[in-house]
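Enquirer: I need the structure of the sequence given here:
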Amino acid sequence: MYRSFVILFLAFFTWSCSQFSNKPTAVAFHNVNAKYNAIWQASRLDKELQKKYFAERKESYNSILPIVLPRDSSFRQGNEKDIKELIRKASLVIDRHQNSHYIIDAYLLIARGRLYQNDLKNAIETYKYVNSLDIRPEALLALYEIYLQQQEFSSAEKIEEFLSENPLNANEKKQFLLLKAYSFQLLNEPIKAVAVLQEVQRYLKKGEEKARLSFIMAQLLSDNNQPALALANYREVLKNKPSYDLQLQANLAIHEQEGNLTALLNMLNDPKIEESKSLIYVKIGQYYYGKKDFKKAKENWEKGGENNPNKGELFFQLGGLFAKQMKDYDLAAHYYDSAATYLASNHPEYAKAQKLKKSWGNYSGFAKQISLQDSLLRLANLDPSALHALFLKQQKDTVKTVVQKTVAPVFTRRPFNADQQNFYFNNEQARIQGAIEFSNRWGNRTLEDFWNRRNKNATMTQAVASNVPVEKTVRTESLQEENWLKAIPSTPEAKLKVGKTIEESLFKLGKLARLELGENELANAALKRLLTEYPSTAYEAEALYILYLSNDGASKTAFRSQLFERFPGSYFKTMILKLENGILSENKEILAQKKYEVAFERFKAGQFAESYESCLFAQQNYPGSKLEDKIVFLMALSKAGLHETVEAKRMLEEFIPLFPASPLVKEATEMLKLINK
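Expert: Predicted coordinates for the structure are as follows:
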């Protein structure tokens, strides 16, 4: 009887506690189980992961720190087990406690897990689903942060407006202000970001988070040319229990802001910060850079790059220093290449570094090609005896370099005790006496085979030592000289080919320098040499246009006049007019349309000269019209109709790179193939 009663009671209790029941007993049962079992365990995992994420962050102190920590894709790899457990625990609430009050909390924890996994798509969907059930500030703040990091400012602005109009608790208010300051930082409004961060500080206790925000405020103020306020905030960092790295960076920044070079040099002698010497050298370099002493800046930055964990950033700075200030373009190319290698893929400058690596790599290729071909032309002007003497000197210098690079082995004698003195090589006095006797009898001899031959032929010794006959060595040298001479252009055709290579490389180098690297001085040097040494170059029109872009004042006007005078029908003239006149009005677009229609009718009628003139008028009077590609293409067709093949070919070759998105590119390419045949 008692047993039956217990079974009946348990069955009734289980039925009344079903997750699909809305009875008070069932709801209370599932609330307790959800909150103090799955939710409690998942929340604890979430807090541990948050602390770990903050502790394991990798800061880049050479640039302004982001107010909100960026997503770290590598965090998932080392914490995958805990993240999966967090999602699993939170999912239990949804699977087993449908009628509890903690369903939304479970979804929020699952979304947090998705963020740790860097699964932004599913995280966003989960947060949106939460807001469809109930408006939760936590979900809105998370969406606000994601949209800001993805720079979807319109979506972020809508959430910001909603949050600012609704009540938030202290923690939510702090998070909202942090994200608002972060939005100002992303929009390049540093003073507004600082103002909001000052308000955030009221919600924070002393600790690393507050110290970090003080450091960011100092960086923003320093970058905005407010050194006094920046210095005050760097000092605030030291008062707020910073981490070791943050404390070191704040001290370095304080000394740099104060211009206290002595303090920075003294830090180099501190044995406690031996591992941070590279950072100190970087700051010393920045001090000299601010003083415009670029030579000392370079020396200290190079020392700072030896054992620096942020090599990529440092090499990126050095690339800029050598390109912009020191005008050493070869070293700039070298450092940009290193920056692209060492920068992490999630670094804000990574994409820019990769692009600069490619562009400066192309620069190195063109520069080396020009240098090589120049050398070949200089050698071509020497007589045979001078070339032979130069070859011998080159061979001698090569051997000398190899010998200098060969380091003699250094032998370290093993320490021995007094009992071993009877052995000859352990007895220092006996060894010295033996060396004196040897020297008296044989003289000072190098360590080599046949050392005891008093008179020996040096050539024979070398030949025997290397087991190579003298005759074979001479033949080899003769063959090397013959191959060396073959590379030197000796015929007019070979010299012309070398000249064409230099001409093309100079043009490509100048174009690259201006349009990709923004180096006007380098572009001017290459293109002016091109026009001086190759006055009839096919690249003249475009070279004049690039020189127009690379100069100011009287020089700019001179290159403009030269282009307009020599190439009145060139599209590069139109591009200058487009730059000067801006966007066409609607009325001018209509006039351009009418002029093009007239030109096309004349072309169909076989009036090619009149068609060309109409197109030229439209091109020069309505630059930048929507029909620009059609006008230029019709001009080329008109020239082909007049049997001016060379001019038609030139215009088509210009057309393809200038209008890559035009539907006429395919036809232009086919026409070029026909002309070339």
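Enquirer: three-state assignment of residue 57?
Expert: Three-state assignment for residue 57 (DSSP: H, G, I helix; E, B strand; the rest coil): coil.
Enquirer: you'd agree it is up against residue 72?
Expert: Yes. Residue 57 is within contact range of residue 72, at 7.2 Å (criterion: C-beta atoms under 8 Å). Any C-beta I mention is one placed from the backbone N, CA and C, and that applies to glycine too.
Enquirer: By residue count, which helix of the protein is the longest?
Expert: When the chain is parsed with DSSP state H, its longest helix is helix 350-380.
Enquirer: Where does pLDDT dip in this structure?
Expert: Within the chain, the stretches with pLDDT under 70 are 1-27, 29-35, 97-101, 307-309, 397-433, 435-478.
Enquirer: how close does the residue most central in space within it sit to residue 635?
Expert: Closest to where the C-alpha atoms of the chain average out (C-alpha atoms, centre = their mean) is residue 353, at 1.6 Å. Between residue 353 and residue 635 the distance is 41 Å, computed by C-beta to C-beta, to the nearest Å.
Enquirer: and if you look at residue 595?
Expert: Relative to residue 635, and taking C-beta to C-beta, residue 595 is found at 12 Å.
Enquirer: Find residues that contact each of the two.
Expert: Residues within reach of residue 595 and of residue 635 at once, by C-beta atoms under 8 Å, 6 or more residues apart in numbering, are residue 615.
Enquirer: Looking at these two, which has the bigger crowd around it?
Expert: Using other C-beta atoms under 10 Å as the criterion, residue 595 and residue 635 rank with residue 635 on top: 27 against 20.
Enquirer: and the end-to-end length of stretch 603-610?
Expert: With C-alpha to C-alpha, to the nearest Å as the measure, stretch 603-610 spans 8 Å from end to end.
Enquirer: Buried ones in the helix or strand that residue 597 is a member of, by neighbour count?
Expert: Take DSSP states H and E as the rule and residue 597 turns out to sit in helix 586-604. Residues of helix 586-604 classed as buried: 588, 592, 595-596, 599-600, 602-603 (neighbour count, 16 or more other C-beta atoms under 10 Å).
Enquirer: Got phi/psi on residue 166?
Expert: When read as degrees, to the nearest 10, the backbone of residue 166 gives phi -120, psi 150.
Enquirer: so how far is residue 181 from the residue nearest to residue 220 when sequence neighbours are not counted?
Expert: Spatial nearest neighbour of residue 220, excluding adjacent residues (C-beta to C-beta, 6 or more residues apart in numbering): residue 190 at 4.1 Å. Residue 190 is 10 Å from residue 181, where distance means C-beta to C-beta.
Enquirer: CA atoms of whichever strand or helix holds residue 212 as CSV?
Expert: Element membership of residue 212 [criterion: DSSP H and E] is helix 208-223. This file holds the C-alpha atoms of helix 208-223, laid out as CSV (Å, rounded to 0.1, in the frame of the first residue of the first chain):
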residue,chain,number,x,y,z
GLU,A,208,43.2,47.7,-15.6
GLU,A,209,40.1,48.6,-17.7
LYS,A,210,40.1,52.2,-16.3
ALA,A,211,43.9,52.4,-16.8
ARG,A,212,43.5,51.3,-20.4
LEU,A,213,40.8,53.9,-21.2
SER,A,214,43.0,56.6,-19.7
PHE,A,215,45.8,55.5,-22.0
ILE,A,216,43.5,55.6,-25.0
MET,A,217,42.3,59.1,-24.0
ALA,A,218,46.0,60.2,-23.8
GLN,A,219,46.7,58.7,-27.2
LEU,A,220,43.7,60.5,-28.8
LEU,A,221,44.7,63.8,-27.2
SER,A,222,48.3,63.5,-28.2
ASP,A,223,47.3,62.7,-31.8
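Enquirer: same for that helix, what does it pack against?
Expert: Counting by 3 or more C-beta pairs under 8 Å, 6 or more residues apart in numbering; DSSP states H and E, the packing neighbours recorded for helix 208-223 are helix 190-200, helix 227-238, helix 244-258.
Enquirer: Relative to residue 123, which of these is closest?
Expert: helix 190-200 (24.3 Å; C-beta to C-beta).
Enquirer: Adding distance to residue 333, write the buried residues of helix 586-604 out as CSV.
Expert: Output for those, formatted as CSV (distance: C-beta to C-beta, whole Å):
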residue, distance to residue 333
588, 44
592, 44
595, 47
596, 45
599, 47
600, 48
602, 51
603, 48
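Enquirer: Can you tell me how far the spatially closest residue to residue 173 that is not a sequence neighbour is from residue 93?
Expert: Of all residues beyond its chain neighbours, the one nearest residue 173 is residue 203 (6.8 Å), with distances taken as C-beta to C-beta, 6+ apart. Separation of residue 203 from residue 93 (C-beta to C-beta) stands at 30 Å.
Enquirer: that older thread, how close does the residue nearest to residue 220 sit to residue 169?
Expert: According to C-beta to C-beta, residue 190 and residue 169 sit 29 Å apart.
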